[in-house]
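In: Fold the stuff below for me.
(one chain, ligands or ions: 3)
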Amino acid sequence: MNSDIKEVLYTREDIKNIAEKIGSQLTKDYAGKNPLVICVLKGAFLFMADVVREIKTYAEIDFMDVSSYGDGTESTGEIKIIKDLDVPVEGRNILIVEDIIDTGRTLNCLVALFEHRKVASVKICTLLDKPDRREKTVKPDYVGFKVPNEFVVGYGLDYQGFYRNLPYVGILKPEIYKNN
Ligand SMILES: O=P(O)(O)OC[C@H]1O[C@H](OP(=O)(O)OP(=O)(O)O)[C@H](O)[C@@H]1O
Ligand code: HPA
Ligand SMILES: [Mg+2]
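Out: Numbering: from 1, shown residues only. Ligands and ions are numbered 1, 2, ... in the order given. Modelled structure (predicted):
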């Protein structure tokens, strides 16, 4: 599995450090606000676990499963809600935790959904931002790292369901997906 990676971009240590930094900012920003921290499954599961452990104030967590990439490297353009939240969000301060913002379609759609559900506020925390590919406007409030326009995997991010368990973020060798 490691031999499918062209280049490691961020190690587990890099990610740990950035989660601590973002977490201490979130602790200040959300003190007294009882945020509902939402993990966008599946990709965000590892970063979410890192970030919430660094939030040192009251916070609730919930999970949503949305998918737009299916098994490939290109967004299908359609966001499917596979699992919705368990709790109502009206009047809540929402913090969405993501692994990556790429075209922006997923988050553009999720932010619109939460605004429609009359939340008090909605902010975005993402491990990775790939601004070169943006098609829809998304303004992330907390960003771990900006990534180049390459297909990246690891630390939650997949290709055809694999690589999520890599303990780092790396660029997938193009020959792995080129002929699919
Ligand atoms: O900005 P976008 O172009 O919308 O891409 C970003 C989204 O795509 C990936 O999810 P995916 O749909 O592959 O589902 P997964 O998290 O279950 O892998 C990723 O986890 C983000 O949620
Ligand atoms: O670069 C990526 N890698 C894995 N999943 C993704 N979903 C959007 N962009 C990516
Ligand atoms: Mg994916």
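In: How much space separates the closest residue to D62 other than its chain neighbours from ligand 1?
Out: Once flanking residues are discounted, D62 sits nearest to L85: 4.9 Å by Cβ to Cβ, 6 or more residues apart in numbering. All C-beta atoms are positioned from the backbone trio N, CA, C, and that covers glycine. Counting by Cβ to the nearest ligand atom, to the nearest Å, the separation of L85 from ligand 1 is 16 Å.
In: Now do the same contact list for L85.
Out: 38, 62-64 (Cβ atoms under 8 Å, 6 or more residues apart in numbering).
In: Quick one: buried ones out of these?
Out: By neighbour count, with 16 or more other Cβ atoms under 10 Å, the contacts of L85 hold 38, 62-64 as buried.
In: Closest one of the residues you listed to L95?
Out: Nearest to L95 among the buried ones among the contacts of L85 is I38, at 6.9 Å by Cβ to Cβ.
In: and of the buried ones among the contacts of L85, the nearest to ligand 3?
Out: M64 (14.3 Å; Cβ to the ion).
In: residues from this structure in reach of ligand 1?
Out: Contact residues (Cβ under 6 Å from any ligand atom) of the chain with ligand 1: 40-43, 67-69, 75, 98-106, 158.
In: and ligand 3, which of these contact it?
Out: Counting by Cβ under 5 Å from the ion, 69, 158 from those sit close to ligand 3.
In: Which parts of this structure are helices?
Out: Per DSSP state H, the chain carries helices over the ranges 12-29, 45-52, 105-116, 174-177.
In: now for those, which one comes closest to ligand 2?
Out: helix 105-116 (8.0 Å; Cβ to the nearest ligand atom).
In: That closest one near ligand 2 anywhere?
Out: No - applying Cβ under 6 Å from any ligand atom, one finds helix 105-116 out of contact with ligand 2, separated by at least 8.0 Å.
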